[in-house]
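>>> Can you look at this prediction? I've put the sequence above it.
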Amino acid sequence: DPYVESGFTREPLTDRVDAVVVGGGFGGLLAGARLRQAGLERIRIVEKAGDFGGTWYWNRYPGIHCDIESYVYLPLLEEVGYMPRWKYAPGEEIRQHAMAIGRTFDLYTDALFQTGVRELRWDDGEWIVRTDRDDEVRATYVVVSNGTLDHAKLPRIPGIEDFAGHTFHTSRWDYGYTGGDPGGGLAGLADKRVAVIGTGATGIQVVPAVARDAEHLYVFQRTPSTVDVRDNRPTDPEWAASLEPGWHTRRRENFQAVVTGHATDEDLVADAWTASGQVLGKIISTDAHDDVDPDEWEQIEEFLDLEKMAEIRARVDRVVDDPATAELLKPWYRYACKRPTFSDEYLQAFNRPNVTLVDTADNGGVERMTERAIVVGGAEYPVDCVIFATGFEVGMSDVMTGRLPVYGRDGTNLLQSWAVAGPRTLHGFTSNGFPNLFHLGSLQNAPSVNFTHVLDEQAIHVAETIAEARRRGVKSIEPTVEAETSWAETIGRTSPDREWFDAECTPGYYNNEGRPRGPRQTYGPGPGPFQRLLREWRSGD
Ligand code: N01
C-alpha cells in the first residue's frame with residue numbers, strides 16, 4: 001500500500017460539500033478559485049499529490065522552467081498580489097504560486113491530499129465521490145480537472161528490467177541519489193556515469209544541470225529538438241510598478257491573440273514575432289491572412305518554416321564546437337512537428353569534455369539495456385544511473401481512459417456511452433445524462449499554448465454557469481441531446497486538418513508512437529473566438 005509506505009494514513013471521511021474538484025493542479029485550483037468567487041462555500045479539491053501544483057508538484061527536476069512568459073503563464077497574479085521574479089519562471093516559483101492560490105482562496109481547508117478519486121456516481125440528485133481512502137463525499141457539483149500529462153512514460157527498451165544501476169523518471173527526480181535541491185548542484189553525481197534518455201522539452205532543461213555535476217553524461221537522442229534562444233531575465237521593477245490594474249487579463253488576451261494570429265496591435269505583434277521574422281509579423285498584423293487563399297497561405301507558412309529552421313540549425317553550428325556533434329543536433333523537420341524548446345545552456349553543454357551525445361536515430365532508438373550498460377548500434381555505454389526524460393502517456397485524462405469511471409443518471413457509464421460515436425458534450429464541459437458534472441481540459445474545445453489561460457476561461461465559464469443555476473434555483477443542469485449533437489457537428493466541421501503534419505512529422509509532437517491519431521476534436525476558429533462564444537452563450541437565455 002503506497003499510502004502506508006508514505007507514512008500518511010487517515011480515517012475514511014463521509015460528508016457533503018457544495019463541489020468536489022478532481023485534481024489540484026492549475027485547472028483544479030482555478031476551478032476552486034472561480035467557484036469561491038461565485039459564492040460556493042464548501043469546495044473540496046481531491047488530489048493524489050501531497051500538495052497543490054499538479055505538474056509542478058511532480059516535476060521538480062533541476063533546471064525546470066516554464067517556456068511561456070511568467071507574466072501570462074501564472075494565473076491570478078493580481079488576485080494573489082504576486083509579481084513573478086523572472087520573465088521565465090523556475091518550477092519552484094510556479095509551485096509556490098499554486099500554493100499561494102490555494103491559500104488566497106481558502107482551498108486548503110477542505111482539500112484531501114494523497115487521495116485518488118476512484119469513482120463518480122450520480123445518486124438521487126447529487127454526486128457520490130468515492131476515493132482510494134474509502135471516503136464517500138457527496139457533492140452537488142463535480143468539476144473534473146485531472147490533467148493529461150500525469151502518467152510517466154518509460155520506453156520499451158529490451159532489457160530495461162535487467163539494468164542493475166539506479167534509474168528514475170524526470171517527473172520523480174531522486175534528490176536522495178543526486179544530492180542537491182531543485183536550485184542547487186547535484187553533488188551525488190560527481191563520481192557517476194549518467195545517461196539521460198530523451199531530448200524533448202524536459203531533456204533540454206535537465207541536461208545542462210547533469211552535465212555540470214556528473215563525472216560523465218551520455219545523452220541518448222532519437223530526434224533532435226529545435227533549441228531556440230531563451231534570454232531569460234529578472235523582472236524589471238520599474239516596469240512592474242508601471243502596470244495598471246487589469247494588466248494581467250489584457251496581457252494574457254494579447255498574448256493569445258498574437259500566438260493564434262488574431263492580433264491587430266502592430267507594435268505588440270512586431271515585438272512578439274521578431275524571432276519569426278518580420279514577414280510573418282506583417283502578415284498577421286495586417287490580418288491579411290484572412291484574405292489570402294488557403295493554398296497560398298500554406299506556401300507562405302512553409303517558406304517561413306524553412307527560414308526558421310535554417311536559423312535554428314545555424315545556431316547549432318555557431319554554438320557547438322565539434323562539427324560531427326553539431327550535425328547530429330540539427331533538427332530536420334518542420335518547426336511545428338515537435339514542441340519547440342528554448343535554452344541558452346543545452347547546446348553549450350556538448351562542448352564540455354564530460355558530455356557525449358549518442359544519436360540513436362539510425363538504429364531505431366536504444367537497442368537494449370544490460371545489467372550495467374546501454375547498447376546502441378552494437379556499442380556498449382557503461383553507466384551507473386539512467387534518467388528517463390521520456391515524457392508521458394499523452395492525451396488522455398483518467399476519465400477518457402476509464403481509469404476514473406463515471407456513472408450518470410440510471411447508472412450509465414460515461415465512457416461506454418461515448419464508445420460508439422466518440423465524446424458528446426456541449427462546449428466540452430457537460431454531457432446529457434451526467435447532470436452537474438463539468439470537465440476542464442482539452443475536450444471538444446480550443447487549445448492554446450498558454451494552457452493556464454485556457455483553463456482559467458473554462459473555470460470562469462463553469463463557475464458562472466453554476467452561479468446562474470443557483471440564482472434561478474435550478475437543482476441540476478445538463479445539455480440537451482440536440483445541443484450536444486450540434487456541438488459535435490461544429491467540432492467535426494471546424495477541426496483543423498493538417499495533412500502535412502501527419503505526413504511529415506514522425507515521430508509526432510508528443511512521441512505518441514504507433515498510436516492512431518483519431519478524429520480531431522478541437523474548435524477550429526481558436527481560443528479567442530471560443531471564449532467569445534462562451535461569453536455570448538452565458539449572456540443569452
Ligand atoms: O517529453 P516528450 P518531455 N527510445 O514526450 C524520447 C511539457 N513540458 O517530458 O522525439 C528513445 O516531449 C523522445 O524521442 P522522440 C511540454 O508540453 C513543458 O520532454 O520521440 N527515446 C523525446 O526526445 C512537453 O511537450 C515544459 O524521438 C525515446 C523524449 O523521449 C511535455 O511536457 C518543460 C523513447 C520525450 O519527449 C513532455 O515533455 C518540459 C524511446 N523508446 C516539458 N520514447 C515547459 O517549459 C521517448 N523517447 C512548460
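That came through, no problem.
>>> What is the neighbour count of Asp295?
8 (other CB atoms under 10 Å). (C-beta placed from N, C-alpha, C; glycine too.)
>>> go on, the one 3 residues further on?
A count of neighbours around Glu298, defined by other CB under 10 Å, yields 14.
>>> and it, that's in a strand?
No: going by DSSP: H, G, I helix; E, B strand; the rest coil, the assignment for Glu298 is helix, not a strand.
>>> Thr235 and Met83, how far apart?
With distances taken as CB to CB, to the nearest Å, Thr235 is found 6 Å from Met83.
>>> Touching, Ile94 and Leu74? I think so.
Yes: Ile94 is in contact with Leu74 according to CB atoms under 8 Å; the separation is 6.6 Å.
>>> per-residue confidence for Glu393?
pLDDT recorded at Glu393 is 83.
>>> which residues sit in contact with Glu302?
By CB atoms under 8 Å, 6 or more residues apart in numbering, Glu302 lies in contact with Arg334.
>>> in what helix or strand does it lie?
According to DSSP states H and E, Glu302 maps onto helix 294-319.
>>> list the helices and strands the helix or strand following that helix packs on?
For helix 294-319, the succeeding helix or strand toward the C-terminus, using DSSP H and E, is helix 323-328. With contacts defined as 3 or more CB pairs under 8 Å, 6 or more residues apart in numbering; DSSP states H and E, the packing partners of helix 323-328 are helix 294-319, strand 355-359.
>>> Contacts for helix 323-328 next, please.
By CB under 8 Å, 6+ apart, helix 323-328 touches Gln221, Pro224, Val316, Asp317, Val319, Val320, Phe350, Leu357, Asp359.
>>> gap between the helix or strand following that helix and the chain center?
Moving toward the C-terminus from helix 323-328, the next helix or strand (DSSP H and E) is strand 341-342. Centroid separation for strand 341-342 versus its chain: 15 Å, with CA atoms, centre = their mean, to the nearest Å.
>>> one step back: what subset of the contacts of helix 323-328 is buried?
Listed as buried from the contacts of helix 323-328 are Gln221, Pro224, Val316, Val319, Val320, Phe350, Leu357, Asp359; burial here means 16 or more other CB atoms under 10 Å.
>>> Can you classify the residue nearest the centre of the chain by secondary structure?
Closest to where the C-alpha atoms of the chain average out (CA atoms, centre = their mean) is Leu149, at 6.3 Å. Following three-state DSSP, Leu149 is assigned to coil.
>>> so who does the spatially closest residue to it that is not a sequence neighbour touch?
Among residues not flanking Leu149 along the chain, Phe392 sits closest, at 4.4 Å (CB to CB, 6 or more residues apart in numbering). Neighbour list for Phe392: Thr148, Leu149, Asp150, His151, Ala152, Lys153, Ser171, Tyr510 [criterion: CB under 8 Å, 6+ apart].
>>> Count the residues that sit near the third one.
Which is Asp150. Neighbour count for Asp150, taken as other CB under 10 Å: 19.
>>> again with the fourth one
The number of residues packed around His151, counting by other CB under 10 Å, is 14.
>>> on that earlier part again, of the contacts of helix 323-328, which is the nearest to the ligand?
The nearest member of the contacts of helix 323-328 to the ligand, counting by CB to the nearest ligand atom, is Gln221 at 6.9 Å.
>>> Identify the nearest residue to the closest one in space, disregarding sequence-adjacent positions?
Among residues not flanking Gln221 along the chain, Thr199 sits closest, at 4.5 Å (CB to CB, 6+ apart).
>>> does the one you found count as helix, strand or coil?
Criterion first, three-state DSSP; result for Thr199: coil.
>>> residue contacts, it?
With CB under 8 Å, 6+ apart, Thr199 has these contacts: Val207, Val219, Phe220, Gln221, Arg222, Thr223, Pro224, Ser225, Ala389.
>>> Looking at it now. What's its pLDDT?
96.
>>> residues in contact with whatever residue of the stretch 101-250 of the chain ends up closest to the ligand?
Across the stretch 101-250 of the chain, the shortest distance to the ligand (CB to the nearest ligand atom) belongs to Gly200, at 2.3 Å. Shown in contact with Gly200 (CB under 8 Å, 6+ apart): Ser225, Lys338, Arg339, Thr341, Ala389, Gly391, Asn511.
>>> can the residues you listed go into a markdown table with extra columns for distance to Glu5?
Putting the contacts of Gly200 into a markdown table (distance: CB to CB, whole Å) gives the following:
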| residue | distance to Glu5 |
| --- | --- |
| Ser225 | 36 |
| Lys338 | 37 |
| Arg339 | 34 |
| Thr341 | 35 |
| Ala389 | 26 |
| Gly391 | 26 |
| Asn511 | 31 |
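>>> Establish whether stretch 447-461 and the ligand are in contact.
No: on the criterion CB under 6 Å from any ligand atom, stretch 447-461 is out of touch with the ligand, staying 8.3 Å away.
>>> Please compute how far that stretch lies from its chain's middle.
Centre-to-centre, stretch 447-461 and its host chain are 11 Å apart (CA atoms, centre = their mean).
>>> same thing with stretch 42-50?
With CA atoms, centre = their mean as the basis, stretch 42-50 stands 19 Å off its chain's centre.
>>> isn't Leu426 right next to Trp487, touching?
Yes: when contacts are counted by CB under 8 Å, Leu426 is listed as touching Trp487 (5.3 Å).
>>> who touches both of the two?
Common contact partners of Leu426 and Trp487 (CB under 8 Å, 6+ apart): Pro479.
>>> before we move on, back to that, looking at the buried ones among the contacts of helix 323-328, point me to the pair that's furthest apart.
Spanning the widest gap among these are Val319 and Asp359, at 17.2 Å by CB to CB.
>>> which residues sit against stretch 177-186?
Residues outside stretch 177-186 that contact it (CB under 8 Å, 6+ apart): 60-62, 64, 90-92, 166, 168, 173, 175, 187-189, 209-210, 212-214, 385.
>>> List the residues that contact the residue in the stretch 1-150 of the chain positioned nearest to the ligand.
Proximity of the stretch 1-150 of the chain to the ligand (CB to the nearest ligand atom) peaks at Asp67, 3.4 Å away. The contact partners of Asp67, by CB under 8 Å, 6+ apart, come to Tyr88, Ala201, Thr341, Phe342.
>>> Get me the contact residues on the stretch 201-350 of the chain for the ligand.
Ala201, Thr202, Gly203, Gln205, Arg222, Thr223, Arg339.
>>> and the residue of the stretch 101-250 of the chain closest to the ligand, backbone torsions?
phi -90, psi -160 (degrees, to the nearest 10).
>>> That one and Val229: what is the separation?
Counting by CB to CB, the gap from Gly200 to Val229 is 18 Å.
>>> where does the stretch 201-350 of the chain have low pLDDT?
Scanning the stretch 201-350 of the chain for pLDDT under 70 picks out the ranges 262-292.
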